[in-house]
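>>> Need the 3D shape of this:
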Amino acid sequence: MNEFILALFNQKDKLKRKTLYLILTGKRTSSTYFYAKLHGLLNVFGLFPHLSEKDFHQSIHALIKQHYLKQEAEDLILIKQPASLLTPYYEVISQLDGFRFARNGQQLWRLLQALVQNLAAWPKPFNQLPVEISPFYVFFTERILTEMTPEKKAQFIEDCYAIFDLLPNEVSLFLVQSLSGEQYQGRTFFQLCPKEYQTYPLNECYGLAMIHQFWYQVLRHPDNLLYQLFHAQLLLNYNQSMLQTRHLFLQGYSIEKIAQIRRLKIGTLNDHMIEWALLDSKFPFERFELIVDAQLLTQTYQDFQEKYADKGFLCYRLSQLYQLNQRKLEKE
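Numbering: from 1, shown residues only. Purely as a prediction, here's the structure:
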């Protein structure tokens, strides 16, 4: 875990110790979201929901003792990085998408594995050793098979190929080899993981990176059958309350009216809007009166209010996010 944490300083040489822990464990608040966005850490958001504070701080203490990091007040500051040692970590971290898929991306891949295995035999009875026996996976697979037709099976196969074709060869080959068929037993991620990635947590993150890239492509193609079959499950990665707020906002309701309808505090709805803006490249920034200020990203909310007394917290955060997005577009 020490090397993984150290590799997170690749983009920034200073990170807040407490906030870094909240990001890795997936604490969903607007301040944590924005800090992760600002420091390029959304890809590792929520990857380690069961990481204890004790284990996290032990890793930090070890890195400080080895003179890789030092602490000043709340900040961890990078002293040096063993670049050659961390190269595999940089590669894997850059391919993760924890903010979108950490909650159930792996579970959805297991659903797909179960479906592919059963569909390989369909319409004949399936009589091989199943890759999944949990009722959750069995029910999902059986529900889809009850509506299966030869045409739909052909479309499923074609659309799977279409998604794999969009992925780098390394990713496609890794994932395809983990699928089982009527006469073929897929290999485990542990068996498929390259030697240079086989230490914890790199080995687990490598498999997750492959999965996250797959589901990202599925989400980008709503006409694909995989999107239609898994879309409801993919949405479970998101804050369900946020999705309800988004639905009402897209219907034309104001934040204040949504607060009345849903009986929620404005602060909660602000969190929903900020999370939505982070997830959706088509977020309707145009419906908000934003502030364009070159100093905005370095201003505290207190500084912002002194300068723009009539603007609230949502305006402050969305203006910052809009500016970050514009910077990214300019670099591209």
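>>> What distance do you get for the residue sitting furthest away from the middle of the chain to H50?
What lies farthest from the middle of the chain is K124; by Cα atoms, centre = their mean that is 37.4 Å. K124 sits 41 Å away from H50, going by Cβ to Cβ, to the nearest Å. For glycine as for every other residue, the C-beta is placed from the backbone atoms N, C-alpha and C.
>>> Y21 too?
Distance, Y21 to H50, using Cβ to Cβ: 13 Å.
>>> Show the contacting residues for the closest residue to P201 other than its chain neighbours.
Once flanking residues are discounted, P201 sits nearest to F4: 5.6 Å by Cβ to Cβ, 6 or more residues apart in numbering. Contact analysis of F4 by Cβ atoms under 8 Å, 6 or more residues apart in numbering lists 89, 93, 201-202, 205.
>>> Identify the farthest-apart pair in those.
I93 and P201 (10.8 Å; Cβ to Cβ).
>>> higher neighbour count, these two?
Shown here are I93 and P201; by other Cβ atoms under 10 Å, I93 has more neighbours (23 against 17).
>>> Contacts only, for the more buried one.
So I93 contacts 4, 7-8, 10, 43-44, 205 (Cβ under 8 Å, 6+ apart).
>>> can you tell me which of the residues you listed lies nearest to P82?
A7 (10.0 Å).
>>> For the closest one, which non-adjacent residue is spatially closest?
Leaving out its chain neighbours, the residue that sits closest to A7 by Cβ to Cβ, 6+ apart is Y89, at 3.6 Å.
>>> Same check on Y21?
Setting aside the residues directly before and after it, Y21 is nearest to F56 in space (Cβ to Cβ, 6+ apart), at 5.0 Å.
>>> now swap in G186 and tell me
S180 (4.1 Å).
>>> Then H212?
Once flanking residues are discounted, H212 sits nearest to D97: 4.0 Å by Cβ to Cβ, 6+ apart.
>>> so that neighbour makes contact with N43?
Yes: counting by Cβ atoms under 8 Å, D97 does reach N43; the two are 5.7 Å apart.
>>> Which secondary structure element is home to F99?
Element membership for F99 (DSSP states H and E) is helix 98-101.
>>> Which one among the contacts of I93 sits at the bottom for pLDDT?
Of all the contacts of I93, N10 has the smallest pLDDT value, namely 69.
>>> follow-up on the earlier one: could you list every residue that touches the residue farthest from the centre of the chain?
No contacts exist for K124 under Cβ under 8 Å, 6+ apart.
>>> gap between it and L225?
K124 sits at a distance of 21 Å from L225 (criterion: Cβ to Cβ).
>>> For L42, see how far away F34 is.
10 Å.
>>> before we move on, the earlier item: can you tell me which of the contacts of I93 is nearest K257?
Distances from K257 to the contacts of I93, taken by Cβ to Cβ, are shortest for N43, at 34.8 Å.
>>> Surely that closest one is in contact with L96?
Yes: judged on Cβ under 8 Å, N43 makes contact with L96 at a distance of 4.3 Å.
>>> In terms of neighbours, single out the busier of the two.
Higher neighbour count among N43 and L96: L96, with 24 against 21, using other Cβ under 10 Å.
>>> how about the strands in the chain?
14-16, 69-72, 75-78 (DSSP state E).
>>> Can you say which of these is nearest to E132?
strand 14-16 (38.5 Å).
>>> Can you list the strands that the closest one pairs with?
strand 75-78 (antiparallel) (DSSP bridges).
>>> For the residue nearest to A7, report the pLDDT, please.
Looking at Y89, its pLDDT stands at 93.
>>> which residues does it contact?
3-4, 6-7, 202.
>>> how far out from the middle of the chain is stretch 221-238?
Chain-centre distance of stretch 221-238: 15 Å, with Cα atoms, centre = their mean, to the nearest Å.
>>> contact partners of it?
Contacts of stretch 221-238 (Cβ under 8 Å, 6+ apart): 100-105, 108, 111-112, 115, 144, 152, 155-156, 159-160, 162-163, 215, 218-219, 243, 275, 279.
>>> For burial, what's the neighbour tally of V176?
Neighbour count for V176, taken as other Cβ under 10 Å: 15.
>>> P88 too?
What P88 shows, counting by other Cβ under 10 Å, is a neighbour count of 19.
>>> what's near enough to touch it?
Each residue near P88 by Cβ under 8 Å, 6+ apart is listed here: 196-197, 202.
>>> any weak-confidence spans in this structure?
Within the chain, the ranges that satisfy pLDDT under 70 run 10-12, 331-332.
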